[in-house]
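Asker: Predicted model, plus sequence, below.
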Amino acid sequence: MSQQSETLRETGGEQRQTTETQVRDDERVCPECEAALVVDEAHGETVCEACGLVVEEDEIDHGPEWRAFDSNERAEKSRVGAPTTKLLHDEGLSSVIDWQDRDAKGRTIDGSKRRKLQRLRTWDERFRSKNAQERNLKQALGEIDRMSSALGLPENVRETASVVYRRALEDDLLRGRSIEAMATASLYAAARQASVPRSLDEFEPVSRVGRKEFSRAYRYIVRELGLAIEPANPLEYLPRFASDLDMDGETTTRARALLEEGMESGVHSGKSPVGLAAAALYAASILEGEKITQKEVCSVSDVSEVTVRNRYTELLEAGTDPDAARGAA
DNA sequence: CATTCGTGAAGACGAAT
DNA sequence: ATTCGATTTCACGAATG
């Protein structure tokens, strides 16, 4: 999956080089000598290269840009430009291109200037929508990170999830759906694709949106993106549940055999894979004499005891395993 | 007493219309 | 969007150890 990590790196481009203590700050120059300022991150200071003048960080002056010698002058020149706002991602500092073909005095613009404006609008629009998507993505990736660490999902699943999300974003699948729901759905899909599935029940408490919402989002992206996700295999849940229960390797192997047999005879069609896995563990624990209670398997697998009961009787019936018969007797 | 087993009503879900 | 069928869950009681 090198393709995925490449896509990932692509947008991670805004990392700062924090290892360097000295970074040129080209935006500002020293008020005394006009030389470029240098940011000393170790000391948290901004310093002039040439004359050594120290300009404190975080002391950016938003006030008047000229000195005022009396109140008249102060009123006149108090501020240049619009105040900045945190509500816009660029703090309102970017240019806005009007849709009207008129200049500042209201006269119409014509000819080549008009076409030029048109091209500018096109690009402006492209950058703006790109930024909107980037911000969206940033938030979603944060959520994916949060949830996957809460669920103990490995790194590669996060990457897959972010790729899925990115595709959904590019295909304009986000309309009317919340970022959170889509992020959850992407992670769910990724976990299943990576053969380390988590059930919807496990996602419910870590997601910020309701189960209904993200499961709908999940179905939606699977259909729209054409993701090939097969029904979850009960075997994939086994190792995790087994280790949660501190079960014997023997018993786990037995459970796996039981499951495989059961799937041969088709007991699993239409049944919840999680319940099947839980039942197999329970059945195996009886057969192996390492007794665990139904309640215990239920607590690690989030299925009801009833389901475990039903599944495990089916599993034992389907199992023509002579060994199983002997163990039960 | 804890665990297991069975049952019917009720909810959730996917498929079909 | 609603309806239908299958599955799961809940709540309960009974049996078993």
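Answerer: Great, that's in hand.
Asker: Sketch out the low-pLDDT regions of the stretch 51-200 of chain A for me.
Answerer: Scanning the stretch 51-200 of chain A with the threshold set as pLDDT under 70 gives A:51-94.
Asker: Which residues of it lie near DNA strand B?
Answerer: Within the stretch 51-200 of chain A, the residues that sit near DNA strand B (CB under 7 Å from any atom of the strand) are A:L200. For the C-beta atoms, the positions are set from N, CA and C on the backbone; glycine is no exception.
Asker: the helices in the stretch 51-200 of chain A, which residues?
Answerer: Listed in chain order, the helices of the stretch 51-200 of chain A (DSSP state H, counting those that start in this stretch) span A:71-76, A:112-151, A:155-170, A:179-193, A:200-206.
Asker: which of the residues in the second one are buried?
Answerer: What it means is helix A:112-151. For helix A:112-151, the neighbour count (16 or more other CB atoms under 10 Å) marks A:117, A:133, A:136-137, A:140-141, A:143-145, A:147-148, A:151 as buried.
Asker: got TSV for these, with distance to A:A284 too?
Answerer: What follows is the buried residues of helix A:112-151, written out as TSV (distance: CB to CB, whole Å):
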residue	distance to A:A284
A:L117	73
A:Q133	49
A:N136	46
A:L137	44
A:A140	40
A:L141	40
A:E143	37
A:I144	35
A:D145	36
A:M147	31
A:S148	30
A:L151	25
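Asker: quick check, nearest of those residues to DNA strand C?
Answerer: Nearest to DNA strand C among the buried residues of helix A:112-151: A:L151, at 18.3 Å, using CB to the nearest atom of the strand.
Asker: ok, the closest one - contacts?
Answerer: Counting by CB atoms under 8 Å, 6 or more residues apart in numbering, A:L151 makes contact with A:187, A:191, A:198, A:202-203, A:206.
Asker: So what's the residue count around the residue in chain A that DNA strand C sits nearest to?
Answerer: Chain A approaches DNA strand C most closely through A:T307 (3.1 Å), counting by CB to the nearest atom of the strand. Counted with other CB atoms under 10 Å, the neighbours of A:T307 add up to 19.
Asker: What of A:P231?
Answerer: A:P231 has 10 neighbours, counted by other CB under 10 Å.
Asker: Tell me if I'm right that A:M263 and A:P234 touch.
Answerer: Yes. With contact defined as CB atoms under 8 Å, A:M263 reaches A:P234; the gap is 7.5 Å.
Asker: So these two - more neighbours on which side?
Answerer: Neighbour tally, A:M263 and A:P234, criterion other CB under 10 Å: the higher count belongs to A:P234, 26 against 17.
Asker: How about the contacts made by that one?
Answerer: Neighbouring residues of A:P234 by CB under 8 Å, 6+ apart: A:259, A:263, A:268, A:273-274, A:276-277, A:280.
Asker: Farthest-apart pair in these, please.
Answerer: A:M263 and A:V274 (14.5 Å; CB to CB).
Asker: Can you tell me which residues in the stretch 201-329 of chain A are near DNA strand B?
Answerer: So the stretch 201-329 of chain A meets DNA strand B at A:211-212, A:215, A:219, A:291, A:293-295, A:305-306, A:309, A:313 (CB under 7 Å from any atom of the strand).
Asker: Check these for burial and list the buried ones.
Answerer: A:215, A:294.
Asker: Determine which two of the residues of the stretch 201-329 of chain A next to DNA strand B are furthest apart.
Answerer: Most distant of those, by CB to CB, are A:R219 and A:K291, 39.6 Å apart.
Asker: my guess is A:R311 contacts A:L276, does it?
Answerer: Yes. At 5.5 Å, A:R311 counts as touching A:L276 under the criterion of CB under 8 Å.
Asker: okay, and the common contacts of the two?
Answerer: Shared contacts of A:R311 and A:L276, defined by CB under 8 Å, 6+ apart, comprise A:V267.
Asker: Please say which of those two ends up with more neighbours.
Answerer: The neighbour count for A:R311 versus A:L276, taken as other CB under 10 Å, is higher for A:L276 (30 against 26).
Asker: From the contact counts, what lies against the strand or helix carrying that one?
Answerer: Assigned by DSSP states H and E, A:L276 belongs to helix A:273-287. Packing partners of helix A:273-287 (3 or more CB pairs under 8 Å, 6 or more residues apart in numbering; DSSP states H and E): helix A:238-244, helix A:249-264, helix A:294-301, helix A:305-318, helix A:322-328.
Asker: hang on, the earlier thing: give me the number of neighbouring residues for the closest residue to the residue of chain A closest to DNA strand C other than its chain neighbours.
Answerer: Closest residue to A:T307 apart from its sequence neighbours, by CB to CB, 6 or more residues apart in numbering: A:G275 at 4.3 Å. Residues near A:G275, counting by other CB under 10 Å, number 25.
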